[in-house]
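Student: would you be able to build a 3D model of this:
(2 chains)
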Amino acid sequence: ETGVTQSPTHLIKTRGQQVTLRCSSQSGHNTVSWYQQALGQGPQFIFQYYREEENGRGNFPPRFSGLQFPNYSSELNVNALELDDSALYLCASSRGVTSTDTQYFGPGTRLTVL
Amino acid sequence: KQEVTQIPAALSVPEGENLVLNCSFTDSAIYNLQWFRQDPGKGLTSLLLIQSSQREQTSGRLNASLDKSSGRSTLYIAASQPGDSATYLCAAFPTSGTYKYIFGTGTRLKVLA
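Tutor: Numbers count the residues shown, from 1 in each chain, chains lettered A, B, ... in the order given. The predicted structure is shown next:
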């Protein structure tokens, strides 16, 4: 049982636009991690939020930004969309940031940039 | 830097066959390794999670093993069925840096009826 939800399910944008993706974490979880999965690839870590603060970031440019809210839900914002941003965006929530805190993945948001 | 590799990239087998999917990782300093299933266009379904102190985990027809010293994990699927057709991803959870999964690129499995 994951309990992690994401919205929207699918999204189509044009190059140069901005997009916001949303993630609701599982009850009792205070950490959200975002991943990008391009077609035919494994998911790549974008960043992680713990108690409303960024707690680590992968190799993604600053136009990828995020927020975490007091209820621990999270947003991923992407500015100046590029064609290569087309991907499945996954969020994962966990109880914390220790080694025993398993990450539970949501169903993902499919973003298409035209 | 942790890297995860999955071989083969694609596999096609007749129904009923037992099969093994391979996953290798370059750094043995991991907290756990997890196997996922992904159907086309869908999210990730967790299959098995093996903690670093464990050697294997089993769920139904699935068995996953972990050998940290050799940097390898295998997912064994017994008596494969057409419904097992999907992409299987393994992911390692390193002990260093931000707690995040490092994924392989997956093995695309097709079980023929």
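Student: show me where the chain has strands.
Tutor: You didn't pick a chain, so chain A it is. Along chain A, the segments classed as strands by DSSP state E run A:5-7, A:10-13, A:19-24, A:31-37, A:44-50, A:53-57, A:64-68, A:74-78, A:87-94, A:104-105, A:109-113.
Student: try again with chain B
Tutor: B:4-7, B:10-14, B:19-25, B:30-38, B:44-51, B:56-59, B:62-67, B:72-77, B:86-94, B:102-103, B:107-112.
Student: wait, what's in contact with B:Q54?
Tutor: B:L66 (Cβ atoms under 8 Å, 6 or more residues apart in numbering or on different chains). Quick note: C-beta positions are derived from backbone N, CA and C, even for glycine.
Student: now B:Y101
Tutor: With Cβ under 8 Å, 6+ apart, B:Y101 has these contacts: A:35, A:43, A:45, A:92, A:103, B:34, B:91-93.
Student: likewise B:S53?
Tutor: Neighbours of B:S53 in contact, by Cβ under 8 Å, 6+ apart: none.
Student: confidence score at B:K100?
Tutor: With respect to pLDDT, B:K100 scores 86.
Student: from chain A, how far out is it?
Tutor: Note on B:K100: its distance to chain A, by Cβ to the nearest Cβ, to the nearest Å, is 4 Å.
Student: per-residue pLDDT, residue 59?
Tutor: By default, I'm working from chain A. 92.
Student: switch to chain B, please.
Tutor: 95.
Student: so what's the residue count around residue 61?
Tutor: In the absence of a named chain, this looks at chain A. 10 (other Cβ atoms under 10 Å in any protein chain shown).
Student: hmm, no, I was thinking of chain B.
Tutor: 13.
Student: excluding chain neighbours, what is closest to it?
Tutor: B:A78 (4.4 Å; Cβ to Cβ, 6 or more residues apart in numbering or on different chains).
Student: what does A:Q6 give?
Tutor: A:Q6 sits nearest to A:G106 (Cβ to Cβ, 6+ apart), 4.3 Å away.
Student: ok so, going back, and the strands of chain A as JSON lines, adding mean neighbour count and distance to B:R72?
Tutor: Output for the strands of chain A, formatted as JSON lines (neighbours: other Cβ atoms under 10 Å in any protein chain shown; distance: least, Cβ to Cβ, whole Å):
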{"stretch": "strand A:5-7", "mean neighbour count": "16", "distance to B:R72": "32"}
{"stretch": "strand A:10-13", "mean neighbour count": "14", "distance to B:R72": "37"}
{"stretch": "strand A:19-24", "mean neighbour count": "20", "distance to B:R72": "33"}
{"stretch": "strand A:31-37", "mean neighbour count": "25", "distance to B:R72": "24"}
{"stretch": "strand A:44-50", "mean neighbour count": "22", "distance to B:R72": "22"}
{"stretch": "strand A:53-57", "mean neighbour count": "14", "distance to B:R72": "27"}
{"stretch": "strand A:64-68", "mean neighbour count": "19", "distance to B:R72": "33"}
{"stretch": "strand A:74-78", "mean neighbour count": "21", "distance to B:R72": "33"}
{"stretch": "strand A:87-94", "mean neighbour count": "25", "distance to B:R72": "24"}
{"stretch": "strand A:104-105", "mean neighbour count": "22", "distance to B:R72": "24"}
{"stretch": "strand A:109-113", "mean neighbour count": "19", "distance to B:R72": "32"}
